[in-house]
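*Asks:* this one's sequence-less:
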C-alpha cells in the first residue's frame, strides 16, 4: 500500500498528468453551459471558456488550442469551419507576417549588434550610463521586433559588458566563490524548461530548445565560437564555459553577495534589457502582440474607419514608452548602484573599469568590421516603411492612401513591399557585378526562423473575436457589468489599467487583451464615450509585466541566468509599473483626447451600439412573447391587442 501511494504521489507530481486530467475535465465541467441553454451566445461562451482555460494553463500548445477551438465551433453548431476560415486572413495577419520578415532581416545582417555597440559607445560606460544605454537599445529594437527575440539578442552583450567592469583577475574580487558552472547549467535548463512550458517562441528563431543553448563539456573544442558569432547567434549556438569566456563572459565573476558592485551592475543591466523589451513594444502598433490583438478586435467590431493606425497609435503611446524608459533608468540606478548620481562625475578609481568596457566595445565593433551594404539596405528599407506608415493618413494633409482606392491603402501595404524587396535586393553590389548574386533574405532562412505558430494564434484570435461578436456573447457579458455612466471615464480607465497590469503578472497578455477589449468596448459605448479609450488602457497596461519572472518572456529569460532573484524583480519592478500606469493615463487624457476625441461617442461606435440595442430589444420581446413552454403567451398577445 505504501509503495502504491508513493507511486501515486510521483505520478501526480508530474505536470503532464495534470494537463492530461485538465484536457478532459475542463470541457466536462463546463458542459452545463450547453445543457442549460441552447442559445448561440451560450455555445460561444462554452467554446471560448474552454479555449481561455487551455491558453491560461497551457494544457496543450497554442496551435493545438486553436485547432481544438475550430473543432468545438463546428461540433457545437455555433460556426462552421468555412465561416471560421474567413476570419483568419485579415489585413492585420498580412501586416504581422511582413513585419516579422523585416525583423528577421535585422538579425540576418547582425544590424542589432552594431546599433547596440554604437549606442553604448556614444552614451558612455559609467554604470548609470550603461543602464540608460541598454534601456534605449532594447526599447528601440523592441518597437519593431519580438520582446523575446530582443532579450535573447541583447542580453549576452549586457553580460559581457558587466564582466568588463570587473578586475581582470577573479582573485582581486573580495567576494565568495561564484556559483559553480554545473549549477548555472542547471538553472539555465530550468529556465528553458519554463520557456518550453509557456510555449515561448522566439519570433526570430523559432522554438527554444535546451540542446540548442547548452553543449556538453566534452565538446568544448567544437563549441568555441568567435565573439561576433556568439553575439549574432546566441539563442542557437552551443554555449560552454570556454565559449562564454571567449565571448567575454566569466560566469563566476558576476556571482557573489549583494555587496558586490559587479553583481549589482550585472543585475541592473539584465533587468534593464528585459524591462525595456517590454516597454519598447508599447510604442508601436507592431511592437507587441497585444497591440495587434487590439487592432484585430477593433477592425472586427468597427471596421477600418476608426482612426486607429500606425501613426495615431505612435502619437499616443510613444510618450508613455519614452517617459517609462527614462524613469525606469532612475529606478534601476537607485536600486542597484549606490551613489549612482556620482557616476556622472569623473572618478579616477573608476576610470580603469570604464577603459576596460570601452576597450571591449571597440574590440567587438572591430570584429563586426566596417558597415556592410546589406546593413545599409536594411536600414533604408526599414526607414522607408516607417515613413510610409507615418504618411499614410497624417490628417493634416492628404496622405498617400488617398491616391489608392478606398480602404486599399492600409498599414500592411508598405510592410509587404518592404518584405518583398529584401528577397530581391543583393547583399553586395560588388559581388553582383562579379556575377555572384545573393539576396539579403532567402526563403529557406526565413522558414527556419519564422514563428508559424504565432500566425495560427493570430488567426485564431481573429476568429474568436468574430464569434463572440456575432453570437451576441459580448452583448450578454456587457449586460452583466454594472452601470458605470455616473463614474468619470478617467476613474474607469485607471481601474481598468490597474486590473490589467495586475492580471498580466500571472497570465498571457495577449489572452488578457483578447478577453477584456470586447467587453470594455461595450462598456464605453453604454457610457457614451469612444471605445478606444478603455480598449487602449487595457491593451497597453496588459504589457506592464515587471515583477514576477513568469509574467513575460524577457523576465523568464533573465531569471534563467541565475543572477537576478525574485526579490530583485519585486523591488525594482514596482517602480516601472507605477510609472507606466501614470504615464498611460496622462497620455490618454491629453494626447489621446486630441488624436481620437476619446470623450465622445463617434458615429462608427454609435452605429454598433444601435445594433446591439436592437438585438437586446428583439431578444426581450421574443422572450416576453413566449410562455414557459416556449409557445406564444396568451397574456402577451392580450397586452399587445390592448396596446393596438
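*Replies:* Arrived safely. Computed from a predicted structure; not experimentally measured.
*Asks:* end-to-end on stretch 448-457?
*Replies:* The straight-line separation of the ends of stretch 448-457 (CA to CA, to the nearest Å) is 18 Å.
*Asks:* now the host helix or strand of residue 517, how far from the centre of its chain.
*Replies:* Assessed by DSSP states H and E, residue 517 sits inside helix 509-527. Chain-centre distance of helix 509-527: 18 Å, with CA atoms, centre = their mean, to the nearest Å.
*Asks:* now do stretch 78-94
*Replies:* 23 Å.
*Asks:* as a whole number, average confidence for it?
*Replies:* Averaged over stretch 78-94, pLDDT sits at 78.
*Asks:* list the buried residues of it.
*Replies:* Neighbour-count burial for stretch 78-94, counted by 16 or more other CB atoms under 10 Å, picks out 78-79, 84, 87-88, 90-94. Backbone N, C-alpha and C define where each C-beta goes, glycine included.
*Asks:* show the subsequent helix or strand relative to the helix holding residue 517.
*Replies:* helix 531-541.
*Asks:* between that following helix and helix 509-527, how many degrees?
*Replies:* With axes from the mean of the first three to the mean of the last three CA atoms, to 10 degrees defining the directions, helix 531-541 sits at 160 degrees from helix 509-527.
*Asks:* which strands and helices sit next to the following helix or strand past helix 531-541?
*Replies:* Downstream of helix 531-541, the next assigned helix or strand under DSSP H and E is helix 553-560. Helix 553-560 sits against helix 147-164, helix 181-197, helix 261-280, helix 566-587, with contacts defined as 3 or more CB pairs under 8 Å, 6 or more residues apart in numbering; DSSP states H and E.
*Asks:* and helix 553-560, what's buried?
*Replies:* In helix 553-560, counting by 16+ other CB under 10 Å, buried: 553-560.
*Asks:* list just the nearest of those to residue 464.
*Replies:* Distance to residue 464 across the buried residues of helix 553-560 (CB to CB) is lowest for residue 553, with 22.1 Å.
*Asks:* looks like that closest one contacts residue 147 (just checking).
*Replies:* Yes. If you go by CB atoms under 8 Å, residue 553 and residue 147 touch, sitting 6.1 Å apart.
*Asks:* burial count for the nearest residue to residue 57 once chain neighbours are set aside?
*Replies:* Spatial nearest neighbour of residue 57, chain neighbours left out: residue 22 (6.2 Å); criterion: CB to CB, 6 or more residues apart in numbering. Residue 22: 16 surrounding residues under other CB atoms under 10 Å.
*Asks:* mind listing what's buried in the helix or strand encompassing residue 22?
*Replies:* Secondary structure from DSSP H and E places residue 22 in helix 15-30. Buried residues in helix 15-30, counted by 16+ other CB under 10 Å: 22, 26-27.
*Asks:* now stretch 511-528
*Replies:* In stretch 511-528, counting by 16+ other CB under 10 Å, buried: 511-527.
*Asks:* same check on stretch 566-575?
*Replies:* In stretch 566-575, counting by 16+ other CB under 10 Å, buried: 568-569, 572-573, 575.
*Asks:* tell me the domain ranges of the protein?
*Replies:* 15-85, 613-643 (automatic domain parsing).
*Asks:* deepest of the ones you listed, which one?
*Replies:* Most buried of the domains of the chain, by mean neighbour count (mean count of other CB atoms under 10 Å): domain 15-85, with a mean of 16.
*Asks:* please tell me how far that one is from the chain's geometric centre.
*Replies:* Between the centre of domain 15-85 and the centre of its chain there are 24 Å (CA atoms, centre = their mean).
*Asks:* what about the protein, any weak spots by pLDDT?
*Replies:* Within the chain, the ranges that satisfy pLDDT under 70 run 1-16, 164-262, 339-353, 395, 474-475, 478-479, 550-551, 561-562, 616-644.
*Asks:* closest to residue 134 out of the buried residues of stretch 78-94?
*Replies:* Using CB to CB, residue 92 is the member of the buried residues of stretch 78-94 that sits closest to residue 134, with 30.9 Å.
*Asks:* the closest one: helix or strand, and which one exactly?
*Replies:* Counting by DSSP H and E, residue 92 is part of helix 91-108.
*Asks:* helix or strand right after that helix?
*Replies:* Assignment by DSSP H and E places the next element after helix 91-108 at helix 111-123.
*Asks:* got the angle between that next one and helix 261-280?
*Replies:* Going by the same axes, to 10 degrees, helix 111-123 makes 120 degrees with helix 261-280.
*Asks:* helix 111-123: how far from the chain's middle?
*Replies:* 23 Å.
*Asks:* all strands for this structure, in order.
*Replies:* For the chain, applying DSSP state E gives strands covering 201-202, 206-207.
*Asks:* which residue packs closest to residue 394, ignoring adjacent ones?
*Replies:* Residue 394 sits nearest to residue 311 (CB to CB, 6+ apart), 6.6 Å away.
*Asks:* correct me if wrong: that neighbour contacts residue 389.
*Replies:* Yes. Using CB under 8 Å, residue 311 makes contact with residue 389 at a distance of 6.5 Å.
*Asks:* which pair of the buried residues of stretch 78-94 spans the longest distance?
*Replies:* Maximum pairwise distance in the buried residues of stretch 78-94, criterion CB to CB, is 26.9 Å, between 78 and 94.
*Asks:* returning to that earlier point: tabulate the buried residues of stretch 566-575 in a markdown table, adding columns for distance to residue 316.
*Replies:* Below are the buried residues of stretch 566-575 laid out as a markdown table (distance: CB to CB, whole Å):
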| residue | distance to residue 316 |
| --- | --- |
| 568 | 32 |
| 569 | 28 |
| 572 | 27 |
| 573 | 24 |
| 575 | 23 |
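*Asks:* nearest to residue 502, of those residues?
*Replies:* Among those, residue 573 lies closest to residue 502 (CB to CB), at 12.2 Å.
*Asks:* residue contacts, that closest one?
*Replies:* 275, 546-548 (CB atoms under 8 Å, 6 or more residues apart in numbering).
*Asks:* so how far is residue 593 from it?
*Replies:* 30 Å (CB to CB, to the nearest Å).
*Asks:* tell me the centre residue of the protein?
*Replies:* residue 288 (4.0 Å; CA atoms, centre = their mean).
*Asks:* quick one on the thing from earlier: among the contacts of residue 573, which one has the most neighbours?
*Replies:* residue 275 (34 neighbours).
*Asks:* which residues touch residue 30?
*Replies:* 46, 49-50.
*Asks:* repeat that for residue 427.
*Replies:* 372-374, 438-440.
*Asks:* identify the farthest-apart pair in those residues.
*Replies:* The widest separation within the contacts of residue 427 (CB to CB) is 14.1 Å, between 372 and 439.
*Asks:* re earlier: dump the buried residues of stretch 78-94 to CSV, plus distance to residue 127.
*Replies:* Output for the buried residues of stretch 78-94, formatted as CSV (distance: CB to CB, whole Å):
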residue, distance to residue 127
78, 57
79, 56
84, 53
87, 50
88, 48
90, 46
91, 45
92, 41
93, 44
94, 44
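*Asks:* follow-up on the earlier one: save the buried residues of helix 553-560 as a markdown table, and put in distance to residue 59 too.
*Replies:* Shown next, in a markdown table, are those (distance: CB to CB, whole Å):
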| residue | distance to residue 59 |
| --- | --- |
| 553 | 19 |
| 554 | 24 |
| 555 | 23 |
| 556 | 19 |
| 557 | 23 |
| 558 | 26 |
| 559 | 23 |
| 560 | 23 |
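*Asks:* quick check, nearest of these to residue 322?
*Replies:* Using CB to CB, those come closest to residue 322 at residue 554, 18.9 Å.
*Asks:* name the nearest residue to the closest one, ignoring sequence neighbours.
*Replies:* The spatial neighbour of residue 554 that comes closest, neighbours along the chain excluded (CB to CB, 6+ apart), is residue 274 at 3.7 Å.
*Asks:* that neighbour contacts residue 563, doesn't it?
*Replies:* No. Under the criterion of CB under 8 Å, residue 274 makes no contact with residue 563, lying 11.9 Å away.
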